[in-house]
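[1] sequence and predicted structure, then a few things I'm wondering about:
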Amino acid sequence: MTCSIPILVVSNRKGGAGKTTVSVNLAAEFAAMGRRVLLIDLDSQGHCAVGLGVKVSAGQTAVHDIFTQPALRLVDVICETSINNLFLLPANPAFQHDNSGKDEQRLARALADEAIADQFDFIIIDTPPTLDNLLLNALSAANWVLVPYVPHPLSFEGVRQLVRVLFKVISERNSKLKILGFLPIMTANHVRQHRQVNEQVTKQFGALRSLSGIRTDIKLAEAFGVGKPVRLYAPKSRGAEDFAELAVTLIQLIEK
């Protein structure tokens, strides 16, 4: 049994690659387009809640608890946000990754709950950078994976490591998983290294999978600081413009 709505995983094996920035702002853009969006924070740092201004209390039931409480339903854990159409399954900052067990299909089964499909049009999963059972659960449950990266040689190596994992998951665990694209963030075309790394990604993975980037913009960090997506904090900023354009592009790719 699988979830009948699109599930998009945002992932990179390297930390600091902008996964949470992309997850929060893309979820907000999809919500503004009229989709009812569920954002799942599988990264125990819990930064999705920070970016949305959601207060998570100590001991509050979180998405990670499905790995230790077999009877827990995700619909009982969902939090409302201040943004219309956008809901959050928060992380548990105290969760130890070793407690996620070995069941790589736990999240997929939880998302197959008919109540999820009845309430939402789209699911986005923010993932930890570690290669563990949490990441494998996310990839096993998803239809699509979006790979953000900072145009830096170390981040490019993180992309390559993740792609090796993706091919293994697709061939052995989840044949419906597809790579939606590679997304440069904090990118500046006038910086030679940025251009070179972006060209490497295009050369290795193909122009069709290379997405227009999210330009460097301090407003993205400021928006997180006040607990708002950039479209609400600074709607005329470069970051807001780029995420709005990205959302349209991805919806067209997913729904074509």
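    Sure, I can see it.
[2] stretch 127-143: how far from the chain's middle?
    Offset of stretch 127-143 from its chain centre (C-alpha atoms, centre = their mean, to the nearest Å): 11 Å.
[3] list the buried residues for that stretch?
    Within stretch 127-143, the residues that count as buried by 16 or more other C-beta atoms under 10 Å are 127-129, 133-143. (Each C-beta comes from the backbone N, C-alpha and C, glycine too.)
[4] what do you get for stretch 212-231?
    Here stretch 212-231 shows 213-215, 217, 219-220, 223-224, 227-231 as buried, counting by 16+ other C-beta under 10 Å.
[5] endpoint to endpoint, it covers what distance?
    End-to-end distance of stretch 212-231 (C-alpha to C-alpha, to the nearest Å): 18 Å.
[6] before we move on, what about stretch 9-24?
    Per C-alpha to C-alpha, the first residue of stretch 9-24 is 12 Å away from its last.
[7] mind starting the numbering at 35 from now?
    I'll keep to 35 as the first residue from here, and by that count the last item is stretch 43-58.
[8] got the buried residues for it?
    43-48, 51-58.
[9] quick one: which of the residues you listed sit in strands?
    Among those, the members found in strands (DSSP state E) are Val43, Val44.
[10] tabulate the buried residues of stretch 43-58 in a markdown table, adding columns for distance to Thr236 and pLDDT.
    Formatted as a markdown table, those follow (distance: C-beta to C-beta, whole Å; pLDDT from 0 to 100):
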| residue | distance to Thr236 | pLDDT |
| --- | --- | --- |
| Val43 | 22 | 97 |
| Val44 | 20 | 96 |
| Ser45 | 19 | 91 |
| Asn46 | 17 | 85 |
| Arg47 | 20 | 73 |
| Lys48 | 19 | 69 |
| Ala51 | 17 | 75 |
| Gly52 | 18 | 87 |
| Lys53 | 21 | 91 |
| Thr54 | 25 | 94 |
| Thr55 | 22 | 95 |
| Val56 | 19 | 96 |
| Ser57 | 23 | 97 |
| Val58 | 26 | 97 |
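[11] and the two most separated of the buried residues of stretch 43-58?
    Taking C-beta to C-beta, the two most distant members of these are Arg47 and Val58; they sit 20.1 Å apart.
[12] please identify the helix or strand for Leu180.
    Secondary structure assigned from DSSP states H and E places Leu180 in strand 178-183.
[13] what lines up beside that strand in the sheet?
    Strand pairing for strand 178-183, determined by DSSP bridges: strand 41-44 (parallel), strand 212-221 (parallel).
[14] what residues does the first one touch?
    What it means is strand 41-44. For strand 41-44, the surrounding residues in contact (C-beta atoms under 8 Å, 6 or more residues apart in numbering) are 53, 56-57, 60, 145, 156-161, 172-173, 175-182, 214, 284, 288.
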